[in-house]
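*Asks:* Here's my sequence, what's the structure:
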Amino acid sequence: MDGKLTLVVTYDKQEYRESTMQALLANYKKQLLSIVDHCMQQTETELTPSDVGSKPMSLDTFEKLLTRLNDL
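*Replies:* Presented below is the predicted three-dimensional model:
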């Protein structure tokens, strides 16, 4: 929204404490920023399974396929 990621979380206040949800959201933000930082440091484009086909493929299978292609 307005160029910013917005996350709305609803939860059962009878089941979870607000402090628990705040900790969950703080960890979510930390992990998301870590992913963004990783991506920003990349200097080359990397293919992912979704880049090369329409059928689902596990990352393990994809990496094995890339290894085979690189060995050719």
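
*Asks:* what's near enough to touch the residue most central in space within the chain?
*Replies:* Note on the chain: the residue nearest the mean C-alpha position is Ile35, at 6.7 Å, using CA atoms, centre = their mean. Residues near Ile35 by CB atoms under 8 Å, 6 or more residues apart in numbering: none. All C-beta spots, glycine's among them, are computed from the backbone N, C-alpha and C.

*Asks:* Using the three-state scheme, assign Thr61.
*Replies:* helix (DSSP: H, G, I helix; E, B strand; the rest coil).

*Asks:* Skipping its backbone neighbours, what lies nearest it in space?
*Replies:* Among residues not flanking Thr61 along the chain, Pro49 sits closest, at 7.7 Å (CB to CB, 6 or more residues apart in numbering).

*Asks:* Give me the neighbour count for the one you found.
*Replies:* Burial of Pro49 is recorded as 17 neighbouring residues (other CB atoms under 10 Å).

*Asks:* Distance check, it against Asp60.
*Replies:* 10 Å (CB to CB, to the nearest Å).

*Asks:* do the same with Val36
*Replies:* Separation of Val36 from Asp60 (CB to CB): 25 Å.

*Asks:* how's this structure carved up into domains?
*Replies:* Per automatic domain parsing, the structural domains of the chain span 1-41, 45-72.

*Asks:* can you list those in TSV and add mean pLDDT?
*Replies:* Shown next, in TSV, are those (pLDDT from 0 to 100):
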stretch	mean pLDDT
domain 1-41	95
domain 45-72	88
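
*Asks:* Going by residue numbers, what spans are helices in the protein?
*Replies:* 18-41, 59-71 (DSSP state H).

*Asks:* Only the buried residues of the shortest one, if you could.
*Replies:* Using 16 or more other CB atoms under 10 Å as the burial criterion, the residues of helix 59-71 that qualify are Phe62.

*Asks:* Need the residues that contact that helix.
*Replies:* If you take CB under 8 Å, 6+ apart as the criterion, helix 59-71 is touched by Leu47, Thr48, Pro49, Val52, Met57.

*Asks:* go again using 10 Å as the cut-off
*Replies:* Glu46, Leu47, Thr48, Pro49, Ser50, Asp51, Val52, Gly53, Met57, Ser58 (CB atoms under 10 Å, 6 or more residues apart in numbering).
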